[in-house]
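Visitor: Sequence isn't available, so here's the structure alone:
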């Protein structure tokens with residue numbers, strides 16, 4: 001499982017011009033699921049991300065988590081995180097999970113964050129979405145459940 005985590009002042013996702021999800025201060029997270037991902041990969045992200053200390057404390061150090069600051073998450077599915085363009089000009093997506101595998105893991109991740117008390121809104125899996133955000137910092141992190149990076 002791969003995530004692009006952006007610390008945001010606010011973010012929203014729209015479908016056909018209608019906002020379907022939004023968040024205030026917190027994270028806008030793009031989530032990709034691979035064909036090799038399991039419940040273990042989902043649980044790794046569920047535990048790791050809400051505890052990332054990438055919000056400033058009173059001394060200006062990144063020392064607070066999203067839970068510490070009462071932040072929110074906007075979670076957006078994005079299979080293109082598994083696009084491989086190393087050998088050609090058009091990316092291959094063969095390592096991206098099909099919806100029947102990806103949807104339960106994506107939805108499980110969102111529910112795990114909600115159970116931890118984080119307010120989470122989402123886009124719509126598989127829809128053509130327009131994402132808007134104000135990156136705060138900017139702060140952007142890449143995470144992979146296999147710890148590739």
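Guide: Right, received. Where do you want to start? Here the structure is a predicted model, which means the values were calculated and not measured.

Visitor: and the residue nearest in space to the middle of the chain, backbone torsions?
Guide: Nearest to the mean C-alpha position of the chain, counting by CA atoms, centre = their mean, stands residue 29 at 2.4 Å. Main-chain torsions, residue 29, degrees, to the nearest 10: phi -120, psi 120.

Visitor: which ones are touching it?
Guide: Residue 29 is in contact with 3, 4, 5, 6, 49, 73, 74, 75, 76, counting by CB atoms under 8 Å, 6 or more residues apart in numbering. All C-beta atoms are positioned from the backbone trio N, CA, C, and that covers glycine.

Visitor: Check which helix or strand the residue of the chain most remote from its centre maps to.
Guide: Distance from the centre of the chain peaks at residue 59, with 27.5 Å (CA atoms, centre = their mean). Under DSSP states H and E, no helix or strand contains residue 59.

Visitor: hmm, back to that, quick check: the farthest pair among the contacts of residue 29?
Guide: Longest distance between any two of the contacts of residue 29 is 13.8 Å, between 49 and 76; criterion CB to CB.
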